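Undergrad: what shape does this take:
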Amino acid sequence: MERIEPRMPKLFCHRGCPAWPHHTTEAWRGVSHGLAMMLSRGACADVTRCRLNISFIDKDGEKYDFQVSEGDNLLDIAQANDLEMEGACGGSCACSTCHVIVEDPDVFDKMEEPSDDENDMLDLAFGLTETSRLGCQVIMSKELDGLVVRLPSMTRNLQASDFEPKK
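TA: Numbers count the residues shown, from 1 in each chain. Purely as a prediction, here's the structure:
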């Protein structure tokens, strides 16, 4: 299994995991004051936060395994690893182009209930199933370690040309 490196800055906390923008505010404050400060403070409060497993199955049935951080959403993970997930609205829950299908119904039941906005967008998704979610709304947590999601064979982008993502 080959891991495609994300397009984020190649900075790491003292435990060796990538320092993502949402990793901790303290980590990024450390970046602005020098790498040594970040390393001495430590970006990870909990080493398990750095090592959650997720698998994506693409439309051709190929499986891609990644180790990700707690707090990452599926859209960001897919795009950082060059998987085919559009995310036309930029992750603001205003389209259905980051539609994923959770393979295990038991894992799906561990997820937070989708919001009304997410359900409205899912109604527009191609190939909707009982375990469908929007990738931008699924946040990795310890409960979701080992998550396997399938990318649908196609997506629908019904976004208006003058659409601006929510701020």
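Undergrad: show me how the chain divides into domains.
TA: 10-45, 51-150 (automatic domain parsing).
Undergrad: and the longest one, average pLDDT?
TA: The predicted model assigns domain 51-150 a mean pLDDT of 96.
Undergrad: gap between the two ends of that domain?
TA: Terminal residues of domain 51-150 lie 21 Å apart, using CA to CA, to the nearest Å.
Undergrad: now do the strands in this structure.
TA: 52-57, 63-68, 99-102, 132-134, 147-150 (DSSP state E).
Undergrad: ok, and what's touching the second one?
TA: The set of residues external to strand 63-68 that reach it, using CB atoms under 8 Å, 6 or more residues apart in numbering, is 1, 3, 50-58, 77, 81, 83, 140. C-betas here are computed from N, CA, C, even on glycine.
Undergrad: and the residues you listed, which two are furthest apart?
TA: By the measure CB to CB, 50 and 58 form the most distant pair in the contacts of strand 63-68, at 25.2 Å.
Undergrad: any idea how far residue 123 is from residue 116?
TA: 11 Å (CB to CB, to the nearest Å).
Undergrad: need the domains of the chain in TSV with mean neighbour count, can you?
TA: Formatted as TSV, the domains of the chain follow (neighbours: other CB atoms under 10 Å):
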stretch	mean neighbour count
domain 10-45	16
domain 51-150	18
